[in-house]
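> no FASTA, just this:
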């Protein structure tokens, strides 16, 4: 057995796979079972009681995590003129204000984590749907990433602070990072609570029955810890 295998097996022994843990205990256990040499991400995976094939049962929104993600979020802004200066001042790493930059992205460059655009730039951005869409980087008004020029600075600051987008995949699952293993339990707990609040708010009106079916918390390459969905739903920010 490899060294990694031994570490994983030792960590997995600490987790009762049959048990549903409270959010506080899940956070504690996820931190305790992190096995990587680097500062692992803490991930939350959820199975929802929705039908992703139905247009009125999509779950997609953004959440501002109170303690951010513990990493530098690289922001690209599609804008020009005065708002480009505002974007730079707010901390944006890249400004896409030319056809050359659009071509660069079309050719596969994607050295950024969030893309924001002003409405007048969406004609250019629309050409990049096939590139940005599959990577979850397409600016979207609902996600707060298509904003008027006067709001560019605010949008960039929100993205840099740890504003996370979540969206349902084709198998009715959500996958969201809530921080780093080096975060305190309190920081992770509060980030998780903020995420749960946002997911409850995003519940489609047409959904009947159990909305939150399964929640698993884990660090990168670490064992999964099953969280009690009922306890998670009652969390308050």
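Structure received. These numbers come from a predicted model, not from an experiment. Residues are numbered from 1 along each chain as shown.

> drop to CA atoms for contacts and neighbour counts, all remaining ones
Noted.

> residues contacting the helix or strand harbouring residue 103, please?
In the assignment (DSSP states H and E), residue 103 maps to helix 99-106. With Cα atoms under 8 Å, 6 or more residues apart in numbering as the test, helix 99-106 has contacts from 96, 124, 125, 128, 131.

> stretch 63-76 now?
So stretch 63-76 is in contact with 91-96, 111-116, 156, 158-166, 177-180, 183, 187-188, 190-191, 194-195, 198, going by Cα under 8 Å, 6+ apart.

> residue 43 versus residue 35, what's the distance?
Separation of residue 35 from residue 43 (Cα to Cα, to the nearest Å): 14 Å.

> to clarify, my last question referred to residue 228.
Taking Cα to Cα, one finds residue 228 at 16 Å from residue 43.

> next helix or strand past the helix ranked longest in the chain?
For the chain, the longest helix by residue count, based on DSSP state H, is helix 185-201. Next helix or strand after helix 185-201 toward the C-terminus (DSSP H and E): strand 212-219.

> partner strands of that following strand and their direction?
strand 41-48 (antiparallel), strand 225-227 (antiparallel) (DSSP bridges).

> quick one: contacts for residue 192?
residue 178.

> tell me the contacts of the nearest residue to residue 218 once chain neighbours are set aside?
With Cα to Cα, 6 or more residues apart in numbering as the criterion, residue 218 has its nearest non-adjacent residue at 4.7 Å, and that residue is residue 224. Each residue near residue 224 by Cα under 8 Å, 6+ apart is listed here: 15, 30, 216, 217, 218.

> which residues are contacting stretch 42-49?
Residues contacting stretch 42-49 (Cα under 8 Å, 6+ apart): 30, 172-181, 207, 209-220.

> tell me which element residue 86 falls in.
Going by DSSP H and E, residue 86 is in helix 82-89.

> per-residue confidence averaged over whichever helix or strand comes after that helix?
Downstream of helix 82-89, the first helix or strand assigned by DSSP H and E is strand 94-96. Averaging pLDDT along strand 94-96 yields 94.

> neighbouring strands - and their directions - for strand 94-96?
So strand 94-96, judged by DSSP bridges, has these partners: strand 75-78 (parallel).
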